[in-house]
Every structure is written in C-alpha cells, then in structure tokens.
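*Asks:* Quick one, what's the 3D model for this:
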Amino acid sequence: MMLIFGLMLLLQTAACLDRFYRFDQSDPCYAALGHKLNLLTVLDAREYELKIIKRINNNTQDDRVCRVKYGRIKECDLYNNRPEVTVINGTVIINRVIKTDSGNYRLTLERSDGTETSRDLQVIVEAPIGSVEVSIICSSSGVMRVSCSSEGDPLLYSWTLNGDPLMDGNSSIDLDEGTDGDISCSVKNHVSHTQKTIRLVCPTAGDTELIYADISHEKKGEKENTGL
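*Replies:* Purely as a prediction, here's the structure:
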C-alpha cells in the first residue's frame, strides 16, 4: 500500500485554504500563527504503530515524542498536553498554532513485521501580515519618500507605480520631483499577502508627512501542494 506523508495547513480567512506537504519533501512547511495545522501521518494509521518526534537541539535525550497505535495516542509529551491538540486516526490536529510548534519533526512507522520507515519535515511558524500603513514625506527639495510598514514576520516588500514594478524592494522608496500617479506597497511572507495603494500627493511646501492606514487586509491564496 502506498504511504501518504503530508502536512495540511489551514489558513482561515473568509474561506479556508488547504495546503498539503509531504514529510519527505526538501522544502519546509510554513504554518500561520494562530491558525489550524493538521499533520497527516498515513492513509490508514490503524495498520501501523506511529512515532512522531520533535528534535530539540539535536539531543536525542531531549526529544519530545508522540506514540500512536491503532490511530489513537498511547503517550504524548510533544505538545505538553495542550487541549487544542488532538489525534484522530493518526492525524495530529493543532487547532491554534503557536510559535513553539516550529521545529524539525520525524515520523516513524513501524509495521507488524518490525520494519520501519521514517520521513522528516521542517515546520516554520510565521505571523500573518497585519494591516499596512503607508506614509509620504515631501521634502522642500521636491523628493518624496514613501514608506511602508506592517505587522507580521518576516516581511518582504515590493512596489509598483501606476501598475509598473519598481526595482526597490525595501520598506521605503525615494521618488523624484514630479512623480505622479498611484503607488502600491505589497507586503508578504510565506503565509499571507497584503497590499495598499495610495495616490501620490504633496499638498504643501516644506517637509510634510502624510500617513495612509489600511484597516483591512487580504490574505494570500496559494495553490494546493499535494503528494500521494
């Protein structure tokens, strides 16, 4: 029987987005802080005895372990008895992900004949992007400095002017005198994406700061990654 190793991350925005990861993939899995995480072990956990280990500083004596037999927990100190964590038919369900859920995990399956199969997965928890704030400082020399900020981690910024991408990828950008139109700041990480567009306006002479705050945000929708 083909084994299915995967990780499903639920991003709960207006609609839920399911993302699946395989334990043997080379890329890490990114989970959204405060959202739901499902760790799928095998298609039918009743056929195996499972062991899920979280490595702590590469010291096997400090490893935290969950043991599952016939699809149910036998013993588990992996999540410190958190009530929001359950195991159903071998699927570890974390209803609210916290920062300490980040780490390197190993899933070991033991068959009735004593043979074992193991797969590894790195989980990285990131805080989703919050609302975006954009500010403009208009100097007396005519240069406009546009700055962008948001909550979340880590943050990757990009800019467009009237729909055309700008080369600067920092949180602020300087524009020449006479630059006109709409400027957009896009902020993203591995679990979410938010964008704010404002009109370039310098209403007065001298150094003046205008601040635009976006109280709503849009999560990034990504395609499902599945592995069977």
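
*Asks:* all contacts plus neighbour counts: C-alpha atoms, from now on.
*Replies:* Fine.

*Asks:* quick check: domain ranges of this structure?
*Replies:* Following the assignment in automatic domain parsing, the chain carries domains at 6-126, 132-213.

*Asks:* per-stretch mean pLDDT over these, give me the minimum one.
*Replies:* Ranked by mean pLDDT, the domains of the chain end with domain 6-126 in last place, scoring a mean of 73.

*Asks:* Tell me the spacing between the residue most central in space within the chain and Ile88.
*Replies:* Taking C-alpha atoms, centre = their mean, the centroid of the chain lies closest to Val191, which sits 3.2 Å from it. Distance of Val191 to Ile88, computed by C-alpha to C-alpha, to the nearest Å: 25 Å.

*Asks:* Could you do Glu49 as well?
*Replies:* The gap separating Glu49 from Ile88 is 14 Å, by C-alpha to C-alpha.

*Asks:* These two: who's more crowded?
*Replies:* Glu49 (21 against 13; other C-alpha atoms under 10 Å).

*Asks:* Would you check that that one makes contact with Asp113?
*Replies:* No. The criterion here is C-alpha atoms under 8 Å, and Glu49 misses it with Asp113 at 11.2 Å.

*Asks:* who touches Ser141 in this structure?
*Replies:* By C-alpha atoms under 8 Å, 6 or more residues apart in numbering, the residues touching Ser141 are Glu177.

*Asks:* Pull up the gap between it and Ser171, please.
*Replies:* Ser141 is 22 Å from Ser171, where distance means C-alpha to C-alpha.

*Asks:* Thr86 now?
*Replies:* From Thr86 across to Ser171, the span is 40 Å (C-alpha to C-alpha).

*Asks:* Excluding residues flanking it in the chain, which one is nearest Ala31?
*Replies:* Using C-alpha to C-alpha, 6 or more residues apart in numbering and skipping the chain neighbours, the partner closest in space to Ala31 is Val125 (4.7 Å).

*Asks:* That neighbour contacts Lys36, correct?
*Replies:* No. Applying C-alpha under 8 Å, one finds Val125 not in contact with Lys36, separated by 11.2 Å.

*Asks:* List the contacts of the lengthiest strand in the chain.
*Replies:* Across the chain, the strand with the greatest residue count (assigned by DSSP state E) is strand 116-126. With contact meaning C-alpha under 8 Å, 6+ apart, strand 116-126 is reached by 5, 22-25, 27-33, 97-99, 101-110, 152-154, 189-191.
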